[in-house]
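Asks: here is my input, please return the structure:
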Amino acid sequence: MKRFAGDAVVGLIFLALFLPFFLCEPLYAGYKSFNAAHAVLAGGIKFAVLSTLGEIIALRIRTKGYDLKGFGVLPRMLVWFFLGAWIVMAMRIFGKGAPVLADYILNTDGKVTAAMTAGLSWYKFIGAFFISLMQNTAFAPVFMTLHKITDTHIMQGGGTLAGFLKPIHMGEIMQGIDWKRQWSFVFKKTIPFFWIPAHTVTFMLPGEYQVLFAAFLGVVLGIILAFAAHK
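Replies: Next comes the predicted model:
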């Protein structure tokens, strides 16, 4: 019964987070205005909420319950806030630079760059693919490794905020990482087979939806990996 009660709570949280934006036009307009004016802050909040919620759902799938003792919901939200803000900045950098690179390599005379602010087209697909390719090969491995380090630090601190605020022993944690698995699965499989295709779709969306969709992808991947671990 506790599991089903937890499922109901998670479902209600999802509804409480998103349903008001569909039912209240002024609220949705306010969200769009805030997102446009404070993109980095808004991105951090989206990832803090959605990615942490995704990890809770993944925990439910792996353990068949919601035993959050030692899980560290608040520390994870703090980590995801800063990682989310970092992701937004990376999306801005690669979103501007990669289409220019595509035009240079393909000799398309600025058509890819111009297509990124227009409707769907093959040039926009090429630009989105280049953004995703560059971001996921240059930025993602560093990001994933840092997330692994902070995740380990949270667990070592018992999931408490006090434990999280203690200094991170970077060298010791990095020595304990299973680099063979990090390479053979996290880098070698999830980047080319999930993140590059998924983020290609992301960068074909209108700008105001890209960060939100990227945060949802984190939830989806967490659930997929939890199912894989369960099997």
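Asks: now the lengthiest helix in the chain, how far from the centre of its chain.
Replies: Secondary structure of the chain read by DSSP state H shows that its longest helix is helix 73-106. In terms of C-alpha atoms, centre = their mean, to the nearest Å, the centre of helix 73-106 is set 10 Å apart from its chain centre.
Asks: residues of that helix that come out buried?
Replies: 75-81, 83-88, 90-91, 94-95, 98-99, 101-103 (16 or more other C-beta atoms under 10 Å). No exception for glycine: its C-beta is placed from N, CA and C like everyone else's.
Asks: what does stretch 106-123 give?
Replies: Buried residues in stretch 106-123, counted by 16+ other C-beta under 10 Å: 108, 111-116, 123.
Asks: which element follows the lowest-mean-pLDDT helix or strand in the chain toward the C-terminus?
Replies: Lowest by mean pLDDT, DSSP states H and E among the helices and strands of the chain is helix 2-23, with a mean of 64. Going down the chain from helix 2-23, the next helix or strand is helix 25-37, by DSSP states H and E.
Asks: circling back: widest-spaced pair of the buried residues of stretch 106-123?
Replies: Thr108 and Met116 (12.2 Å; C-beta to C-beta).
Asks: related to what we said a few turns ago, which among the buried residues of stretch 106-123 gets closest to Val219?
Replies: For the buried residues of stretch 106-123, the closest approach to Val219 (C-beta to C-beta) belongs to Met116, at 25.7 Å.
Asks: right, and that closest one touches Lys124 too?
Replies: Yes: the criterion here is C-beta atoms under 8 Å, and Met116 meets it with Lys124 at 6.1 Å.
Asks: what residues does the strand or helix carrying Phe125 touch?
Replies: Assessed by DSSP H and E, Phe125 sits inside helix 122-134. Residues from elsewhere that reach helix 122-134, judged by C-beta atoms under 8 Å, 6 or more residues apart in numbering: 94-95, 97-99, 101-102, 106, 108, 111-116, 118, 195-204.
Asks: please repeat the previous calculation with a cut-off of 7 Å.
Replies: Contacts of helix 122-134 with the rest of the structure, by C-beta atoms under 7 Å, 6 or more residues apart in numbering, involve 94-95, 98-99, 101-102, 111-112, 115-116, 118, 196, 199-200, 203-204.
Asks: what's the closest of the residues you listed to Gly30?
Replies: Once C-beta to C-beta is applied, the member of the contacts of helix 122-134 that ends up nearest Gly30 is Gly95, at 24.4 Å.
Asks: show me the contacts for the closest one.
Replies: By C-beta under 7 Å, 6+ apart, the contact list for Gly95 reads 131, 203.
Asks: Met144 versus that one, what's the distance?
Replies: Distance of Gly95 to Met144, given as C-beta to C-beta, to the nearest Å: 20 Å.
Asks: what of Gly119?
Replies: If you measure Gly119 against Met144 using C-beta to C-beta, the figure is 33 Å.
Asks: any weak-confidence spans in the protein?
Replies: Along the chain, segments meeting pLDDT under 70 span 1-11, 13-14, 16-23, 66, 222, 224-231.
Asks: mind redoing it with 50?
Replies: For the chain, the stretches with pLDDT under 50 are 230-231.
Asks: thinking again about what came up before, quick one, the helix holding Phe125 and helix 73-106 angle?
Replies: 130 degrees (axes from the mean of the first three to the mean of the last three C-alpha atoms, to 10 degrees).
Asks: what comes up buried for helix 122-134?
Replies: Buried residues in helix 122-134 (16+ other C-beta under 10 Å): 123-134.
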